[in-house]
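Trainee: model the following, please.
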Amino acid sequence: AVVSTQSTGDIVLMSSALFAAKKLLRKELKRKLKNLTPETKKIENNIVAEKILNHAKYISSQNICVYVSLPEEVCTEEIIQDALKSKKKLFVPYFNKDDMFMVRIRDVEDYQGLPLDTYGVRQPRDYDEREQALATGIDLMLCPGLGFTQQGLRIGRGKGYYDNYLTKYEEHHGKMPHTIALAYSTQMMGELPITPSDRELDEVVCLL
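Mentor: The predicted structure is shown next:
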């Protein structure tokens, strides 16, 4: 048996240090994203979208989850439009307080008719009446975030939406979907402060 030599106080201090490190890093990453020029974002958006649309996993996947991008995130508009026109089953996030649901968008007309939230992002309001990815099962999930490593480590905005959803999905299905993060090159880090609840992703797609 392995006997831990760490006291409860040591663990609390480590947790506090990780929390503080994450908070500082999020602030720095948000600053870097804010300083990206529209020209840089456009170039990297186009390259990342092209990489995804030509990715073997995307092409072979029938059921996919795609985030609807905020202005400071890698744009997913082209991917969403392609998925719908290719007749894939597309699921997008619905945020309800501290929980996230992935709900189906039927077609381009359905997507374009979604109301805008306070951030100007399309989000379905009738989420409880739509097909849910947790029940249906998914082949591929495209994830946002603030920072990433090439090994698939990720730091999000601190709400735990994607970490919690992936944990819930694994508990429900006994396996994970293939996960790919979309990143600007400025979001790539050599290492990240992580905790046991942080889920590692399969791939990170960026300009590099």
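Trainee: state the helix or strand in which residue 47 lies.
Mentor: Assigned by DSSP states H and E, residue 47 belongs to helix 38-53.
Trainee: distance between that helix and the chain's centre?
Mentor: Counting by Cα atoms, centre = their mean, to the nearest Å, helix 38-53 is centred 17 Å from the centre of its parent chain.
Trainee: find the centremost residue of this protein, please.
Mentor: When the chain is reduced to its mean C-alpha position, the closest residue under Cα atoms, centre = their mean turns out to be residue 143, at 2.1 Å.
Trainee: what's the local residue count around the spatially closest residue to that residue that is not a sequence neighbour?
Mentor: Ranked by Cβ to Cβ, 6 or more residues apart in numbering and with sequence neighbours excluded, the top spatial neighbour of residue 143 is residue 181, at 4.9 Å. The way it works is simple: take the backbone N, C-alpha and C, and place the C-beta from them, glycine included. When neighbours are counted by other Cβ atoms under 10 Å, residue 181 registers 25.
Trainee: tell me the secondary structure at residue 181.
Mentor: The three-state assignment at residue 181 reads strand, by DSSP: H, G, I helix; E, B strand; the rest coil.
Trainee: so what sits opposite it in the bridge?
Mentor: residue 143, residue 204 (DSSP bridges).
Trainee: looking at it now. What's its pLDDT?
Mentor: Here the pLDDT value assigned to residue 181 is 98.
Trainee: which strands or helices does the worst-scoring helix or strand of the chain on mean pLDDT pack on?
Mentor: Lowest on mean pLDDT, DSSP states H and E among the helices and strands of the chain sits helix 8-34, with a mean of 80. Packing partners of helix 8-34 (3 or more Cβ pairs under 8 Å, 6 or more residues apart in numbering; DSSP states H and E): strand 147-148, strand 154-155.
Trainee: mind redoing it with 7 Å?
Mentor: Contact here means 3 or more Cβ pairs under 7 Å, 6 or more residues apart in numbering; DSSP states H and E; on that basis helix 8-34 packs against strand 154-155.
Trainee: buried set for the next helix or strand after the strand it packs on?
Mentor: Per DSSP H and E, the first helix or strand lying C-terminal to strand 154-155 is helix 161-173. Buried residues in helix 161-173, defined by neighbour count with 16 or more other Cβ atoms under 10 Å: 161, 162, 163, 165, 166, 169.
Trainee: any chance of the residues you listed in TSV with distance to residue 120 as columns?
Mentor: What follows is the buried residues of helix 161-173, written out as TSV (distance: Cβ to Cβ, whole Å):
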residue	distance to residue 120
161	19
162	21
163	25
165	23
166	26
169	28
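Trainee: okay, the residues you listed in TSV with pLDDT and distance to residue 31 next?
Mentor: Compiled in TSV, the buried residues of helix 161-173 are given as follows (pLDDT from 0 to 100; distance: Cβ to Cβ, whole Å):
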residue	pLDDT	distance to residue 31
161	95	22
162	96	22
163	95	23
165	96	27
166	97	28
169	97	32
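Trainee: and those, which is closest to residue 60?
Mentor: residue 169 (19.2 Å; Cβ to Cβ).
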